[in-house]
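Peer 1: kindly return the folded structure for what I paste below:
(2 chains)
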There are 2 protein chains.
Amino acid sequence: MQIIIPLFDRFAPLDAVGPYQVLVHLPGATVTFAAEHRGGVSDSAGTFTLQAQASFADVPHPDVIVVPGGFGEAAQRRPGPLLDWLLEADKTSTWTTSVCTGALILARAGLLAGREATSNWQALEDLERLGAKVLRERYVFDGKYVTAAGVSAGIDMALALAARIAGDDVAMAIQLGIEYDPRPPFTAGSPETAPAHLVAAARAASRFAEARA
Amino acid sequence: MQIIIPLFDRFAPLDAVGPYQVLVHLPGATVTFAAEHRGGVSDSAGTFTLQAQASFADVPHPDVIVVPGGFGEAAQRRPGPLLDWLLEADKTSTWTTSVCTGALILARAGLLAGREATSNWQALEDLERLGAKVLRERYVFDGKYVTAAGVSAGIDMALALAARIAGDDVAMAIQLGIEYDPRPPFTAGSPETAPAHLVAAARAASRFAEARA
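Peer 2: Model prediction:
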């Protein structure tokens, strides 16, 4: 089973690495990072550079696709190498999935039209405008399309996907292996539970970033 | 503030990237991956290659050290570049921390002697033999030393560390930014909650890996 995680300039590391660390333990699976060209791809801070070991041309027919998000996502919603590859690869994939704003790339490719889906809490209006039926869930399955909420939600989504692919025992063994028994020191991980002034500040920062884009 | 995450052959990606994705958002901080030499460093699967942008010689006095674990950890418990660097860097660090079996490297350097600490649930006996007072917690603070449980626990630890460094509001804003509102599909993330046959299988696999090492 070939699992491809496409990378692009200014992707969010944990969006890609959370699912990687889960899916790399699936029996019989190989997880490969791919990009327009082989070589290093960096995050928005410029301090995280991950090697793409394949070009998109090398991997036209993966079984599973996991599209991450990140600040660089907006540029990927325009026609270009990632959208071209995704549209073709999706025709033969068994599962097409996303983490965080990766859902906007899937939606822009037309893959989520009329489908239930989710994304980062700050991206849900955009996702709806792009034609998806938005749910406020940690992850959403609709047919072969699976979308996760923001950044860290890719871990939860990948465990659920591992269970669909290989059964609950395999998924639970992976969860035990990565000791995923989360105990965040605060309950600030969603706009419903975070202090209101922090939610407002995050929304303002997001509008500022959009205005500059 | 300089934060260094040292890499070594066959490190576990999420051990390093969980804390990275939290700490990279700390105001005024720069997070840099370092290794014996600059260049790519790979995980045990060989499919994840992260760029070390600094050599150990480049970063002798970081403010914060985050040592990951992984299958390659056993080789790092022997005298060599990582232990040499760690011993010197720790003399001037504000925080010296680890994720998963990274605690065994700290302990082997003598930094956890008589201190409260934790590690991957399968590494706690080794950690005790190396002189630490072992606690079964998600993460443990003892003075400037902070140790986290297995793999994914680095996210929880890094949020707690961010709060100590920059205050609760900053840590909670980061948690909201990475939408860390975990909802694993199973409760199999610890040996106390996972099905007994999966815990037994994990222990057996670990003994087999040790026998081959």
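
Peer 1: output the below-cut-off pLDDT ranges for chain A.
Peer 2: A:208-213 (pLDDT under 70).

Peer 1: quick one, strands of it?
Peer 2: A:2-6, A:30-35, A:39-42, A:49-52, A:54-55, A:64-67, A:95-98, A:116-117, A:133-134, A:139-142, A:145-148 (DSSP state E).

Peer 1: those strands: which one's closest to chain B?
Peer 2: Smallest distance to chain B across these (Cβ to the nearest Cβ): 3.8 Å, for strand A:49-52. Every C-beta, even on glycine, is put in place using the N, C-alpha and C of the backbone.

Peer 1: is any residue of that closest one near chain B?
Peer 2: Yes: residues of strand A:49-52 contacting chain B under Cβ under 8 Å from any Cβ of the partner chain: A:49-51.

Peer 1: TSV for those residues, including neighbour count?
Peer 2: Output for the residues of strand A:49-52 next to chain B, formatted as TSV (neighbours: other Cβ atoms under 10 Å in any protein chain shown):
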residue	neighbour count
A:49	18
A:50	25
A:51	19
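
Peer 1: for residue A:156, state which of the residues you listed is nearest.
Peer 2: Taking Cβ to Cβ as the measure, residue A:156 sits nearest to residue A:50 out of the residues of strand A:49-52 next to chain B, at 21.6 Å.

Peer 1: wait, isn't that closest one in contact with residue A:13?
Peer 2: Yes: between residue A:50 and residue A:13 a contact is recorded at 7.2 Å, counting by Cβ atoms under 8 Å.

Peer 1: one step back: now the strands of chain A in JSON lines, with distance to residue A:109?
Peer 2: Listed next are those as JSON lines, based on distance: least, Cβ to Cβ, whole Å:
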{"stretch": "strand A:2-6", "distance to residue A:109": "12"}
{"stretch": "strand A:30-35", "distance to residue A:109": "16"}
{"stretch": "strand A:39-42", "distance to residue A:109": "20"}
{"stretch": "strand A:49-52", "distance to residue A:109": "20"}
{"stretch": "strand A:54-55", "distance to residue A:109": "19"}
{"stretch": "strand A:64-67", "distance to residue A:109": "9"}
{"stretch": "strand A:95-98", "distance to residue A:109": "9"}
{"stretch": "strand A:116-117", "distance to residue A:109": "12"}
{"stretch": "strand A:133-134", "distance to residue A:109": "17"}
{"stretch": "strand A:139-142", "distance to residue A:109": "15"}
{"stretch": "strand A:145-148", "distance to residue A:109": "11"}
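
Peer 1: and residue A:84, which of those is closest to it?
Peer 2: Proximity to residue A:84, assessed across the strands of chain A by Cβ to Cβ, is greatest for strand A:2-6 (11.2 Å).

Peer 1: and that closest one, how far from the chain's centre?
Peer 2: 11 Å (Cα atoms, centre = their mean, to the nearest Å).

Peer 1: surely residue A:43 is in contact with residue A:8?
Peer 2: No: the criterion here is Cβ under 8 Å, and residue A:43 misses it with residue A:8 at 10.5 Å.

Peer 1: give me the common contacts of the two.
Peer 2: Counting by Cβ atoms under 8 Å, 6 or more residues apart in numbering or on different chains, the shared contacts of residue A:43 and residue A:8 are residue A:70.

Peer 1: could you list the domains of chain A?
Peer 2: For chain A, the domain assignment from automatic domain parsing gives the residue ranges A:2-182, A:184-213.

Peer 1: quick one, which of those domains is packed in tightest?
Peer 2: domain A:2-182 (a mean of 22; mean count of other Cβ atoms under 10 Å in any protein chain shown).

Peer 1: quick one: the helices in chain A?
Peer 2: Using DSSP state H, the helices of chain A run over A:13-23, A:73-76, A:81-90, A:102-108, A:124-129, A:153-166, A:168-177, A:196-212.

Peer 1: so which of those helices comes closest to residue A:38?
Peer 2: helix A:81-90 (12.8 Å).

Peer 1: what sits up against the closest one?
Peer 2: Helix A:81-90 is contacted from outside by A:4, A:6, A:8, A:34, A:36, A:56, A:59-62, A:65, A:67, A:76-77, A:96, A:105-106, A:108-111, using Cβ under 8 Å, 6+ apart.

Peer 1: if you set the cut-off to 7 Å instead, what comes out?
Peer 2: A:6, A:8, A:36, A:56, A:60-62, A:65, A:67, A:76, A:96, A:105, A:108-109, A:111 (Cβ atoms under 7 Å, 6 or more residues apart in numbering or on different chains).
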